[in-house]
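**Q** Sequence first, predicted model second:
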Amino acid sequence: MNVEGATVLVTGTNRGIGRCLVDALYDAGAEKIYVGVRDVAKLGNLASKDSDRIAAVTLDITNPDQIAGAAATCDDINLLINNAGINSNTPLIGADSVDNARAEVETNYIGTLTMCRAFAPVLAANGGGMIVNVLSLLARVSLPAIGSLCASKAAGWLMTQGIRAELAAQGTHVMAVLPGSVDTDMTPGGEAKPGAIAAELVQAIRDGVEDLYPGDMAKRVSSGLAQDRKAVEKEFAAYLPK
Ligand SMILES: NC(=O)c1ccc[n+]([C@@H]2O[C@H](COP(=O)([O-])OP(=O)(O)OC[C@H]3O[C@@H](n4cnc5c(N)ncnc54)[C@H](OP(=O)(O)O)[C@@H]3O)[C@@H](O)[C@H]2O)c1
């Protein structure tokens with residue numbers, strides 16, 4: 001897909017990977033970028049970057065009314081990047097309640113699915129286009145210390161496979177992105193820099209990749225999973241604090 005000239009909506013753009021994605025898409029020549037954000041007051045210098053090519057959209061992906069509003073406003077997009085996500089940093093059994101697990105599912109799975117459902121007709125009307133779902137390497141193997149995040153991302157992984165099949169007939173390409181740890185507010189000190197992840201993602205859009213493992217950690221672990229899935233499961237299980 002051509003990034004140059006694309007009309008894009010990215011969610012969760014006020015910080016982290018989403019913020020870097022906006023810069024990378026802008027530099028790659030995207031014609032228009034809708035920047036989804038829960039609170040436009042938090043947009044920072046994005047708000048004044050280039051009002052001809054960047055437009056803010058108030059969008060909480062757990063709010064169906066705001067999603068419907070965004071689908072009506074951003075009816076010219078041919079690229080949807082579902083980047084917004086949360087990590088409650090909680091285990092499954094050791095957590096005080098299932099509240100964090102529920103919030104992660106509501107955001108990372110149901111929120112992303114609701115976005116895909118709302119924008120599928122928009123993308124069909126605009127020639128097919130592409131959906132990119134930013135998941136996590138932890139969709140493929142559990143890191144039990146944050147097990148509820150992993151389960152929500154695993155749901156996103158199988159959802160992404162399902163919608164890829166459902167939307168093939170309308171010519172919509174669906175990409176899963178599964179990064180390892182990335183140095184953002186979500187994982188301070190993470191191995192990869194968000195700018196490098198964004199750059200790899202933009203190239204993968206051009207190349208029409210289906211499953212992208214950006215960064216060295218993601219590539220290393222995904223290759224380990226292909227060779228010996230159980231060995232990787234046991235390695236990650238050992239990181240659970242005793
Ligand atoms: N960092 C990592 O190590 C890592 C690894 C693998 C995958 N990922 C994934 O990469 C994506 C981006 O993460 P990040 O590292 O950039 O995290 P981040 O710095 O914490 O940023 C998360 C972004 O998502 C937004 N967001 C959260 N809930 C939302 C909602 N309900 N509706 C709309 N926006 C919402 C946040 O907005 P507010 O500012 O309003 O909260 C923020 O803009 C996430 O899907 C994450 O799971 C991250």
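**A** Thanks, I have the structure now.
**Q** Give me the distance between Phe236 and Gly215.
**A** 17 Å (C-beta to C-beta, to the nearest Å). For glycine as for every other residue, the C-beta is placed from the backbone atoms N, C-alpha and C.
**Q** Of those two, give the one with the bigger neighbour count.
**A** Each of Phe236 and Gly215 has its neighbours counted (other C-beta atoms under 10 Å); Gly215 has more, 21 against 18.
**Q** Help me confirm that that one comes into contact with Gly195.
**A** No. If you go by C-beta atoms under 8 Å, Gly215 and Gly195 don't touch, sitting 11.3 Å apart.
**Q** Bridging across strands, which residues link to the residue nearest in space to the middle of the chain?
**A** Compute the mean C-alpha point of the chain, and by C-alpha atoms, centre = their mean the closest residue is Val134, 2.1 Å away. Going by DSSP bridges, Val134 is paired in beta bridges with Val177.
**Q** Pull the contacting residues for it.
**A** Ile17, Ile81, Asn82, Asn83, Gly85, Val177, Pro179, Leu201 (C-beta atoms under 8 Å, 6 or more residues apart in numbering).
**Q** can you list those in a markdown table and add distance to Thr11?
**A** Listed next are the contacts of Val134 as a markdown table, based on distance: C-beta to C-beta, whole Å:
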| residue | distance to Thr11 |
| --- | --- |
| Ile17 | 11 |
| Ile81 | 7 |
| Asn82 | 6 |
| Asn83 | 5 |
| Gly85 | 9 |
| Val177 | 13 |
| Pro179 | 16 |
| Leu201 | 14 |
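**Q** any idea which of those residues is closest to Leu113?
**A** Minimum distance to Leu113 across those is 9.2 Å, recorded for Asn82 (C-beta to C-beta).
**Q** doesn't Met115 make contact with that closest one?
**A** Yes. If you go by C-beta under 8 Å, Asn82 and Met115 touch, sitting 5.3 Å apart.
**Q** what is in contact with those two at once?
**A** The contact sets of Asn82 and Met115 overlap at Thr11, Ile61 (C-beta under 8 Å, 6+ apart).
**Q** Fine, thanks again, bye for now.
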